[in-house]
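[1] pasting the structure only:
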C-alpha cells in the first residue's frame with residue numbers, strides 16, 4: 001500500500017512551483033541577467049530551466065512510456081530545451097512558462113495510478129539498478145528545489161530577503177508576541 005500517491009506527488013510539486021514563482025516575482029526583472037559566478041546560468045536562464053525541465057520526465061513517462069532509459073535520446077531532447085533557455089525572455093514570459101509548464105506537469109501527475117508509479121524503469125548504463133516511476137517522478141521536484149536554493153542565494157546577493165525567510169521571521173515574531 002502506498003501512503004504517498006499521485007495526488008500527493010502533484011500537490012507537493014505545486015507547492016514547490018508556487019515557491020519558485022514567488023522568487024521569480026520577487027527578483028526584479030532588471031536582475032534577470034545576473035550571474036552569481038562566471039559559467040553559471042543567469043537568473044532568467046535558471047528560471048527557464050526550471051520551467052522547461054519537467055518536459056523530460058513527461059516525455060519519458062507519459063509520451064514514450066519507456067521502461068529503459070538507454071533508449072531515450074536525452075541529449076537531443078535536452079538540447080532543444082537549452083535552445084529555448086538561451087533565448088531572451090521577459091519576466092512576464094518566464095512567469096507564464098513557470099505557471100503553464102508547472103500546472104501541465106502537476107495536472108498529469110494527478111492522473112497517475114499506483115500501478116504505473118510502481119513500474120520499474122531501467123537506468124542508463126552505469127547508473128545503477130532500475131527505479132520505480134514513483135522514485136523517478138520525485139526527481140523533478142527535488143531538481144527544482146536544488147535550483148530554487150541557488151536562486152535564494154542569488155536573492156541574498158541582490159539584497160533581497162527570500163520570501164520563505166520573511167514568512168518564517170513573521171511566524172517567529174507572532175509566536176514571541178503571543179507569549180508576551
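    Good, I have the coordinates. This structure is a prediction, so every number in the text was calculated from the model and none was measured.
[2] So residue 82 versus residue 9, what's the distance?
    The spacing between residue 82 and residue 9, counted by Cβ to Cβ, to the nearest Å, is 27 Å. Just so you know, the C-beta spots here come from the backbone N, C-alpha and C atoms, and that holds for glycine as well.
[3] More neighbours: which of these two?
    Higher neighbour count among residue 82 and residue 9: residue 9, with 20 against 14, using other Cβ atoms under 10 Å.
[4] So what would you say the end-to-end distance of stretch 121-128 is?
    11 Å (Cα to Cα, to the nearest Å).
[5] Only the buried residues of that stretch, if you could.
    121, 122 (16 or more other Cβ atoms under 10 Å).
[6] Now do it: distance to the chain's middle.
    A distance of 22 Å separates the centroid of the chain from that of stretch 121-128, by Cα atoms, centre = their mean, to the nearest Å.
[7] Then stretch 105-122?
    On Cα atoms, centre = their mean, the centre of stretch 105-122 falls 17 Å from that of its chain.
[8] For that stretch, the averaged confidence score.
    Here stretch 105-122 scores 97 as its mean pLDDT.
[9] Residue 84 against residue 53, yeah?
    No. In this structure residue 84 lies outside contact range of residue 53 using Cβ atoms under 8 Å: 10.8 Å.
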